[in-house]
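J.: Next one to model:
(chains A and B)
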Amino acid sequence: MKKTLAYLWAAAFLLGLIGVAQRLFYGHQLAAYGSYVVWGLWVAAYIYFIGLSAGAFLLSSLVYVFGVERLEKVGKLALFTALITLFMALLSIWFDIGHMGRFWKVYTSLAWESMMAWMVWLYTAYFILLLVETWFVMRPDLVRWSARGGIEGSVARWLAFGRLDLSPAILEREKKIVRALGTIGIPLAVAFHGGVGALFGVVGARPYWHSALYPILFLVGALASGGALLTAIVAFFWPERGKEHEELVSFLGRITLGLLAFDLLLEWAEVSITLWGSIPSHVAGFKLMLFGSYWWVFWIFHLILGSIVPIILLSLWPRAVNLVGLAAGLIAITFMSVRLNIVIPGLAVPELEGLMHAYTDSRLQFYYFPSLHEWLVLLFVVSLGVALFTMGYRSLPIVRMREE
Amino acid sequence: MRKLKVSKRNEERRNFLKLMLAGVAVATGIPRTSAGSEAPPAEKPLPALPDGDSPLLRMQRELQRALKKPIEQRRWVMVIDLRKCIGCSACTVGCIAENHLPPGVVYRPVLEEEIGEYPHVTRRFTPRPCMQCDNPPCVPVCPAKATYKRPDGIVEINYEQCIGCRYCITACPYSARTFDFGENYSDGTPERQPYETSPAPEYGKKWDRKNGGSPVGNVRKCQFCTHRLNAGMLPACVTTCVGVATYFGDANDHESLVAELTAKPNVMRLKEEMGTNPKVYYLL
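T.: Numbering: from 1, shown residues only, chains lettered A, B, ... in the order given. Just a heads-up that it's a prediction; the model follows:
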């Protein structure tokens, strides 16, 4: 089993590398998006991963800021998940920009009016905070692990950066630092992910996005998907089984269920109010999402596999570890359909009557399906993320007990 | 790079200074020159124009008159007479040739609507350049300040600053911006053609698309052919229009043809409800 997974991973990574090579060699030529549907799979993947990150981080704050003891054991895992998914998000969006070598201009131009600039500054601050907080949280275990042999020991020794003091006074001080960082992190995570929602929400030219609900919808979606991912990881990959584990998974499952229900409520508000309003330009995007050629992305992936099935599983078998894990995994994976349905229907509607037949070119179409190249690049991001996560999970003190 | 935004206070201050300097000049007998003011960076002397009262000649004379004013006193507008447009797309093609546009990049498509049911149909054509909005939604969204409104109202893109995130494309209510994917018409053929390899003249610079350099990977848009304006020439779409359905000029010149036309009651602008205040007017 392990061997098969390793082969699968290697194949995915190699295919992904081909995608990256294509991206570097051909620029954007092999991508299927154009100048009308101008953002595609990579932007959707970006908001998906960054949502997972914000959600996982906000859940970690339950432990480090609010002291929810039942979740204490998953605190480090949540932080580490947030870090890896943030890295995946940034990688996805980096491949998407036209001049990858110019990303730094966002830092030097100081475009105060741009929501995108704010988002970049905020997630940079968040990235730094995440790194520092994760290090402080892991340091005591890194110090204990330094005594070990092999890779674990050397990695731990290196990562402890020579700070080997474990006296109670120091530990107490560091706990306070972590608490302070976590506290700063809450408004930061809310601001940056709300900012991702606002990036879309402020665009008055796109009625599909232009909703005050967007920043909130993004935050709730982040919590639901991030919580689901964490639940699935704990359910399937936790090193210990037994009563305690069952309690933990069941508790996480209930949180996820509540967050998913809240997310669906907001989605219902958004869709129903717009449809009842029936202003054609406002309704057009929702019509595409619900009844367009990609209707199945919403109905099958989001509604059935990502909502109805998990709700049934989580309500009827809240204590069955594998079923809770399955439900959470379904939510976490199918949430990509929500992200695709945010980006694409907002763009696939002509802004002017007669534009569709105005000037014909493959880049000037209102139809979009990601090209093989785009999928390959996404495969690279996912396989790299999985590798980093697995490596960290195995060789860093993320889930194993301190007493060990 | 020219100053991006001229704040009202700056403008007042500058006007005041100019007035003072003019007073000093008159008093001391120094002739007033264009040096120091933001006068046209006309590289070549403006072309001499023949006599005649064709609208094109009139507009060109008015254009040269406008270029003698400081840049912030000009207000370029375009007027398109929809009653005259026959949907020939000569403006679209003229623009592509002038700006060396690659596949997928288009500055001035002609919108085509069909009214009625085949075969009992009529068709309506609406050329759509960039509206050069007075309140452009594409400008504040840019995370790199790569797009901005010039003092004469034209919205420009700094190709060297643009990171290619395409946020401005989503923010434009008129779909007036397109992305340069780096494609060429001769892709899949034995060799590149001179019309593709010769550098584009946009913004008065030479842009070489070879090896993925800007404007490849950038967002591109109509800029009223600023490079032609600087040389005292009308935008390419104006001169290529077979029926003289497109007019161009300085709305701040009350004697200009465009000032005359935009004062008519049968004028409309696209999506006025967006508050973008477009500088492209349509005659109905």
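
J.: When you work out contacts or count neighbours from here on, use the C-alpha atoms and nothing else.
T.: Will do.

J.: from chain A, which residue is nearest to chain B?
T.: For chain A, the residue closest to chain B is A:G98, as judged by Cα to the nearest Cα, at 3.9 Å.

J.: how about that residue, what does it touch?
T.: A:G27, A:H28, B:I163, B:G164, B:C165, B:V216, B:G217, B:N218 (Cα atoms under 8 Å, 6 or more residues apart in numbering or on different chains).

J.: three-state assignment of the residue nearest to A:V74 when sequence neighbours are not counted?
T.: With Cα to Cα, 6 or more residues apart in numbering or on different chains as the criterion, A:V74 has its nearest non-adjacent residue at 7.0 Å, and that residue is A:V399. Judged by DSSP: H, G, I helix; E, B strand; the rest coil, the three-state class of A:V399 is coil.

J.: Would you mind measuring from A:V399 to A:G385?
T.: 18 Å (Cα to Cα, to the nearest Å).

J.: and if you look at A:F80?
T.: 11 Å.

J.: of those two, who's got more company?
T.: Just comparing A:F80 and A:G385: by other Cα atoms under 10 Å in any protein chain shown the higher neighbour count belongs to A:F80, 25 against 20.

J.: From what I see, that one and A:T134 are in contact.
T.: Yes - taking contacts as Cα atoms under 8 Å, A:F80 lies within contact range of A:T134: 6.8 Å.

J.: How about stretch A:344-353 and chain B, touching?
T.: Yes - legend: contact between stretch A:344-353 and chain B by Cα under 8 Å from any Cα of the partner chain is shown at A:L347, A:E351, A:L352, A:E353.

J.: Please enumerate the helices of the chain.
T.: I'll assume chain A. Taking DSSP state H to define them, one finds helices in chain A at A:2-26, A:41-64, A:75-96, A:105-109, A:115-145, A:150-159, A:168-201, A:214-237, A:243-277, A:280-291, A:295-296, A:309-316, A:321-347, A:372-395.

J.: that's the wrong chain, I wanted chain B
T.: Under the criterion DSSP H, chain B contains helices at B:8-28, B:55-67, B:90-99, B:138-141, B:167-171, B:194-197, B:226-230, B:236-240, B:257-262.

J.: how about the residues of the stretch 1-150 of chain A near chain B?
T.: With Cα under 8 Å from any Cα as the criterion, the stretch 1-150 of chain A meets chain B at residues A:27-29, A:34-36, A:38-39, A:96-100, A:102-103, A:105-106, A:108-111, A:113-117.

J.: Separate out the buried members of those.
T.: A:27-29, A:34-36, A:38-39, A:96-100, A:103, A:105-106, A:111, A:114-117 (16 or more other Cα atoms under 10 Å in any protein chain shown).

J.: So B:P140 is in contact with A:A117, correct?
T.: No - if you go by Cα under 8 Å, B:P140 and A:A117 don't touch, sitting 10.3 Å apart.

J.: okay, and the common contacts of those two?
T.: Contacts common to B:P140 and A:A117, judged by Cα under 8 Å, 6+ apart, are A:A111.

J.: Stretch B:147-160 near chain A at all?
T.: No - applying Cα under 8 Å from any Cα, one finds stretch B:147-160 separated from chain A by no less than 9.1 Å.

J.: got a list of contacts for that stretch?
T.: B:2-6, B:71-76, B:132-134, B:136, B:138-139, B:146, B:162, B:214-215, B:218-221, B:223-224.

J.: same for chain A: which of those are within range?
T.: Applying Cα under 8 Å from any Cα to the contacts of stretch B:147-160, those adjacent to chain A are B:C162, B:N218.

J.: In contact with the spatially closest residue to A:R139 that is not a sequence neighbour, which residues?
T.: Once flanking residues are discounted, A:R139 sits nearest to A:A160: 6.1 Å by Cα to Cα, 6+ apart. If you count contacts by Cα under 8 Å, 6+ apart, A:A160 has them with A:R139, A:L142, A:V143.

J.: The nearest residue to the second one once chain neighbours are set aside: neighbour count?
T.: Of all residues beyond its chain neighbours, the one nearest A:L142 is A:A156 (4.8 Å), with distances taken as Cα to Cα, 6+ apart. Neighbour count of A:A156, defined by other Cα under 10 Å: 23.

J.: Thought A:F127 was touching A:L188, still the case?
T.: No - assessed by Cα under 8 Å, A:L188 is found out of contact with A:F127, at 10.3 Å.

J.: lowest average confidence, helix or strand, in chain A?
T.: helix A:150-159 (a mean of 84; mean pLDDT, DSSP states H and E).

J.: First-to-last residue distance for stretch A:305-314?
T.: End-to-end distance (Cα to Cα), stretch A:305-314: 13 Å.

J.: thinking again about what came up before, same list (the contacts of A:A160) but as CSV, adding pLDDT and neighbour count.
T.: Listed next are the contacts of A:A160 as CSV, based on pLDDT from 0 to 100; neighbours: other Cα atoms under 10 Å in any protein chain shown:
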residue, pLDDT, neighbour count
A:R139, 90, 23
A:L142, 88, 28
A:V143, 88, 22
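
J.: and stretch A:168-182, what's its mean pLDDT?
T.: In this model, stretch A:168-182 has a mean pLDDT of 92.

J.: Find the residue at the geometric middle of chain B.
T.: B:F224 (1.5 Å; Cα atoms, centre = their mean).

J.: In this structure it contacts B:M233, no?
T.: No - assessed by Cα under 8 Å, B:F224 is found out of contact with B:M233, at 10.7 Å.

J.: Contacts only, for residue 58.
T.: By default, I'm working from chain A. Per Cα under 8 Å, 6+ apart, neighbours of A:L58: A:I186, A:A189, A:L223.

J.: was after chain B, sorry
T.: Listed by Cα under 8 Å, 6+ apart, the contact partners of B:R58 are B:G52, B:L257.

J.: Which stretches in chain B count as strands?
T.: In chain B, the segments counted as strands under DSSP state E are B:76-81, B:110-117, B:120-127, B:147-149, B:155-157, B:177-179, B:219-221, B:246-250, B:267-268, B:280-283.

J.: Could you give the number of residues near the closest residue to A:G204 other than its chain neighbours?
T.: Take A:G204 and drop its neighbours on the chain: the residue closest to it by Cα to Cα, 6+ apart is A:H210, 5.5 Å away. For A:H210, the neighbour count with other Cα under 10 Å is 19.

J.: and the gap between A:H210 and A:A189?
T.: 22 Å.

J.: Over to A:V202?
T.: Distance from A:V202 to A:A189, by Cα to Cα: 19 Å.

J.: And those two? Which one has more around it.
T.: A:A189 (24 against 21).

J.: Now the more buried one: closest residue in space that isn't a chain neighbour?
T.: Sequence neighbours aside, A:A54 is the residue nearest to A:A189 in space, at 5.8 Å (criterion: Cα to Cα, 6+ apart).
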